Structure formats: C-alpha cells, structure tokens
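Q: Prediction below, plus the sequence it came from.
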Amino acid sequence: MGKRYYCDYCDRSFQDNMHNRKKHLYGVQHHRSKKAWFDNFRDAAAILYDEQTKKPCRKFLQTGQCVFGNNCRFSHMSERDMENLRMQIEDERRSREDPEHRASPERSIEEWLTRREKKRAALSSGSVLKEEDEEDEDNQPENDIPPHFLTILDLPPSLLPPPPGGWKVKVRTEWG
C-alpha cells in the first residue's frame, strides 16, 4: 500500500497520487467542506451583509427545515436573528471605539502568583510591603482572586472565595 493523502476539511483519506489529489481538490464536496470550515471564522458584519442580500427561504419559514441545509442559497435567518446580529455588531463596534466600554485587561496567572508570594513573604517575615504595592492592594478586591477564575463552573469549595461575612465557625463547648 502506498502513501495516503488525508484531507482535514473533508475528513477523508485516499491513495496519494497526482490524479486522485487533483480530482479531490477540485471536487464539489471538497469545496463545500472547505467553505463550511472557513465560514466558522467569519465576523458578524460579513454574515449580516450576506444574509441581508439573500431572499428568505420559503420552505424554511413554513416548516422550519430545508433540504439544502447550509448549502441553500436563500436565507434561513429570522428577523429576530438578524436583529441579534445587528446588536452584536453594534456592541463590538462600541467596545472598539469607546475606551470606557473596554474590559479591563485581566491579570495573568503569573502576576497573581507573584503578588500572592510577595504578600505571604511579607506576612511571614512581619515586614511592611512597599507603598506602591499597598496602593495596588487598596484597588484590589478583598479576596484578590482574578475575576476570570470565578467564571469556571464547579470549582471545589477550597478554591471558592470566602463569603462577604467570612466563614461561619461553630464553636463546640462539650467534648464527648
């Protein structure tokens, strides 16, 4: 058995020779698969422009299905979908143009770990942190956990920040 050519777009392999490769690369199925792959990376404005130029698909509007699927030359987007796309484009434009809408750059894990080590070292040695570090500490929330860590679902309880009032501790007076 000779060398085989594998096409990532089509998820197919075949014997690698000039005739087979050329036949595959110029084939309709390969072009459709390649287009579908690159459509995943299109921006919202390009999608909106393309969908606005198409007429609505009657079959899709009536039944909610179309036998042509993604290959249909008509639009399968509803007015609600188009409006959501417009709002997404507007939000993206505003975030690019307006510096107040930009999210503050998240601190890296390395920065967070070095600050944490500085704090621990200062607390264990009893020394005082530099003034600039103290000013930075005033701007940070009390738990000092980077916000993008808190978006991770199903964190173990040991990694969750303490509640605002602190942990409630039950004091047991009787032993037995």
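A: That came through, no problem. Residues are numbered from 1 along each chain as shown.
Q: buried sites along stretch 18-36?
A: Within stretch 18-36, the residues scored as buried using 16 or more other CB atoms under 10 Å are His24, His30, Ser33. Just so you know, the C-beta spots here come from the backbone N, C-alpha and C atoms, and that holds for glycine as well.
Q: Report the mean per-residue pLDDT for the helix or strand hosting the last one.
A: Think Ser33. Assigning secondary structure by DSSP states H and E places Ser33 in helix 28-39. Mean pLDDT, helix 28-39: 88.
Q: rewinding a little: and the buried residues of stretch 18-36, which is closest to Arg115?
A: Ser33 (47.8 Å; CB to CB).
Q: give me every residue that touches the closest one.
A: Cys7, Tyr9, Cys10, Asp11 (CB atoms under 8 Å, 6 or more residues apart in numbering).
Q: Distance to Tyr49 added to the buried residues of stretch 18-36, as JSON lines?
A: JSON lines is the format used below for these (distance: CB to CB, whole Å):
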{"residue": "His24", "distance to Tyr49": "31"}
{"residue": "His30", "distance to Tyr49": "26"}
{"residue": "Ser33", "distance to Tyr49": "23"}
